[in-house]
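*Asks:* I'd like to go over a predicted model; first the sequence, then the structure.
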Amino acid sequence: MERKVDVLVIGAGPAGIIGAVTARKNYPEKKIVVIKSVANGVIPCGIPYMFASLKDPDENKLGNAALEKNNIDVVVDEATEIDREKKTVTTKTGQKFVYEKLILATGSVPIIPPVDGINKEGVYPVHKDMDYLKKIIENIKGAKNILVLGGGFIGVELADEISKIDGLNVSIVEMLPTLLPNSFDREFSAFAQQALESRGVTVLTGTRVEAISGEDKVEKVQLSNGKDIDVDSILIGIGGTPSTKMASDAGLKLGVGKGILVDEFMRTADPDIFAIGDCAVKRDFYTHKETQVMLASTATAEARIAGANLYSLKVVRENKGTIAIYSTYIDGKVLGSAGLTENAAEKEGFEIVIGDAEGVDKHPGTLPGASKIKIKLIFSKNSGIILGGQVSGGISCGEIINLIGIAIQKRMSCVELETLQMATHPFLTSAPTVYPVVLAAQNASAKR
Ligand SMILES: Cc1cc2nc3c(=O)[nH]c(=O)nc-3n(C[C@H](O)[C@H](O)[C@H](O)COP(=O)(O)OP(=O)(O)OC[C@H]3O[C@@H](n4cnc5c(N)ncnc54)[C@H](O)[C@@H]3O)c2cc1C
């Protein structure tokens, strides 16, 4: 039997939920249905903290409350086919939905590297599924030697968190020379490495996993540095690949990174189909080249654009590209990155100037709980426009990087940042006399 809906959303991760809720706010009279294949979802960014920091994995549940509160129907099933001519979606159990507007929010699945033995028992990709995660958390807690494969933010957060479980030996392997190589320059990556090592994690950079061996399950890992190490469990944390098979089977075009091609308003080539979140193509804010950013914050920003613009263009997009912006938290310390790194800007051919500053996030810095802050800002040398920034330090860095993100989005110059007007308070911020963002901008200005 066919079911007629106005707006059909496939996927109930951050993109699907916010896409549907935004559609409800903008189109109160429309019938909205969300199809989701995972019955018990998780808040993806909270996954690492299910291993130790949260008392119970269920505390990281991503339920249907936001959808139900907004009068949005939820169907647990897997969408398997889109018929664009008839404007229908068929599911695994044979349900058929006729839509006016379709939002694809099918997200991504973990990348599984082509390593010998990768399918052995005890090797776990990180799926965003509560029932699956509960099982692997139990297995990890019963293991002794854990290897985290991948030194990006997912791997780093997993390693830090698992190191909080008593009696586990944790190692992390990254094939590139530094941790967090895509978003931080060397000095900030070194800060992440020190933070992990101070928790007892063995950090192996510039090292590949060559093979995984064991009788019934993983027992040993052969590394490119010639060493074999004993391992009972491996967590794979090397990012995701967009879930786009159904879209491409329906004739929607994909980019080189396999994300669904969309315009500025998240519209595919089909005027009634939108794609948002990890499954949609991303274009770099500065170069407009395809980029592989997969973040919940980006997914929700895109979802708000699509949800508002389904039937007419209500929200004119001011931000014409994706700023890779995120923060991470290791051993109580924060690292944040926004825009281009020095390394990426140089590779892209920008002529740049760097502004550095260090400071303390309270004043006087002797106040209890004060932390050091280190900031690096990257500017275009001639135009003075900000291209990127990195920050490390205490909790306040989680919002300082968002301030840098706004500066990037508004294409602010180092002169504007030098004259930034900010609120300061002894317990809450650095002193106005030595505000690190301002000092870093001044430092860059002096070199132009
Ligand atoms: C361990 C970890 C930590 C992370 N931490 C952060 C962080 O701190 N900050 C941050 O910004 N980002 C973080 N991310 C990235 C973030 O999780 C993703 O960018 C985000 O989940 C993307 O949201 P999405 O809705 O596009 O896709 P997803 O979250 O992947 O959701 C897609 C949903 O669609 C469902 N689906 C797919 N196909 C179908 C189908 N055919 N029918 C029905 N349903 C379907 C899937 O089952 C899934 O539930 C983290 C990721 C991981 C793995």
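*Replies:* Everything's here; your move. Numbers count the residues shown, from 1 in each chain.
*Asks:* what parts of the stretch 51-200 of the chain come near the ligand?
*Replies:* When proximity is defined as Cβ under 6 Å from any ligand atom, the stretch 51-200 of the chain approaches the ligand at Glu78, Ala79, Ala105, Thr106, Gly107, Ser108, Val126, Lys128, Ile154. C-beta: built from backbone N, CA, C; applies to glycine.
*Asks:* how about these, which pair is most distant?
*Replies:* Ala79 and Ile154 (26.2 Å; Cβ to Cβ).
*Asks:* any idea which residue of the stretch 51-200 of the chain lies closest to the ligand?
*Replies:* Gly107 (2.1 Å; Cβ to the nearest ligand atom).
*Asks:* now swap in the stretch 251-400 of the chain and tell me
*Replies:* Gly277 (2.2 Å).
*Asks:* ok, Glu318 - contacts?
*Replies:* Listed by Cβ atoms under 8 Å, 6 or more residues apart in numbering, the contact partners of Glu318 are Gln409.
*Asks:* ok, now Val221?
*Replies:* Val221 is in contact with Leu147, Val209, Ala211, Ile212, Ser213, Asp228, Ile229, Val231, Ile234, counting by Cβ under 8 Å, 6+ apart.
*Asks:* do a quick rundown of the helices in the stretch 1-150 of the chain.
*Replies:* Assigned by DSSP state H, counting those that start in this stretch, the stretch 1-150 of the chain shows helices spanning 14-26, 65-69, 130-141.
*Asks:* most packed of these?
*Replies:* Highest mean neighbour count of those: helix 14-26, a mean of 25 (counted as mean count of other Cβ atoms under 10 Å).
*Asks:* from the residues of the stretch 51-200 of the chain next to the ligand, which is closest to Val34?
*Replies:* Ala105 (8.5 Å).
*Asks:* so for the protein, the centremost residue is which one?
*Replies:* Leu295 (2.7 Å; Cα atoms, centre = their mean).
*Asks:* quick one: residues contacting that residue.
*Replies:* Leu295 touches Ala324, Ile325, Tyr326, counting by Cβ under 8 Å, 6+ apart.
*Asks:* list the contacts of Ser108.
*Replies:* Contacts of Ser108 (Cβ under 8 Å, 6+ apart): Gly240, Thr241, Pro242, Ser243, Asp278, Cys279, Met294.
*Asks:* please identify which pair of the residues you listed lies farthest apart.
*Replies:* Of all pairs in those, the most separated under Cβ to Cβ is Ser243 and Met294 at 11.3 Å.
*Asks:* got any residues that touch both of these two?
*Replies:* Ser108, Asp278.
*Asks:* all strands for the stretch 101-250 of the chain, in order.
*Replies:* Here the stretch 101-250 of the chain has its strands, by DSSP state E, counting those that start in this stretch, at 101-104, 108-110, 123-125, 145-149, 169-174, 202-205, 209-213, 220-223, 228-230, 233-236, 240-242.
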